[in-house]
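K.L.:
Quick one, structure for this:
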Amino acid sequence: MPDIFEIMKDCAQQGASDLMLIPNEPPLVRLLGQLRKINGFPALSPADCKQAIYSILNEQQRANFESNLELDCAYHLPGVARFRVNVFLQHHG
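P.N.:
Have a look, this model is predicted:
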């Protein structure tokens, strides 16, 4: 399982506007309006995505997500950036 904090750092260093974790895909970033795979990171399983996302959520946020199957929040990675977070569960993943 890739380290979500390393993925977030890479995203910030590239100047990406979005980071997407999609099951069975490597992490994707949006750079200059185009989606690109982050080099050096493998495809994430559904379990990898869940573990990565849950590692940045507090208990209340996790409960909110599990209740509503979607969540909007923010996460501050000290010394790196503040990230807006949108988590949702799709029908197939």
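K.L.:
Could I get the phi/psi values of the residue nearest to the spatial centre of the chain?
P.N.:
Nearest to the geometric centre of the chain sits Leu21, at 4.7 Å (CA atoms, centre = their mean). When read as degrees, to the nearest 10, the backbone of Leu21 gives phi -110, psi 110.
K.L.:
need the contact list for it.
P.N.:
Ile7, Pro27, Leu44, Cys49, Ala52, Ile53 (CB atoms under 8 Å, 6 or more residues apart in numbering). The way it works is simple: take the backbone N, C-alpha and C, and place the C-beta from them, glycine included.
K.L.:
Buried ones among those?
P.N.:
Ile7, Pro27, Leu44, Cys49, Ala52, Ile53 (16 or more other CB atoms under 10 Å).
K.L.:
So which of those is the closest to Ala81?
P.N.:
Ile7 (12.2 Å; CB to CB).
K.L.:
now that closest one: how far from Gln13?
P.N.:
11 Å (CB to CB, to the nearest Å).
K.L.:
Now Ala52. Nearest residue, chain neighbours left out?
P.N.:
In this structure, Ala52 finds its nearest non-sequential neighbour in Ile4, 4.0 Å apart by CB to CB, 6 or more residues apart in numbering.
K.L.:
And for the one you found, the neighbour number?
P.N.:
22 (other CB atoms under 10 Å).
K.L.:
and what of Val29?
P.N.:
Look at Val29: counted by other CB under 10 Å, it has 20 neighbours.
K.L.:
Ala16 now?
P.N.:
Neighbours around Ala16, by other CB under 10 Å: 19.
K.L.:
Please narrow the buried ones among the contacts of Leu21 to those residing in strands.
P.N.:
Residues of those located in strands (DSSP state E): none.
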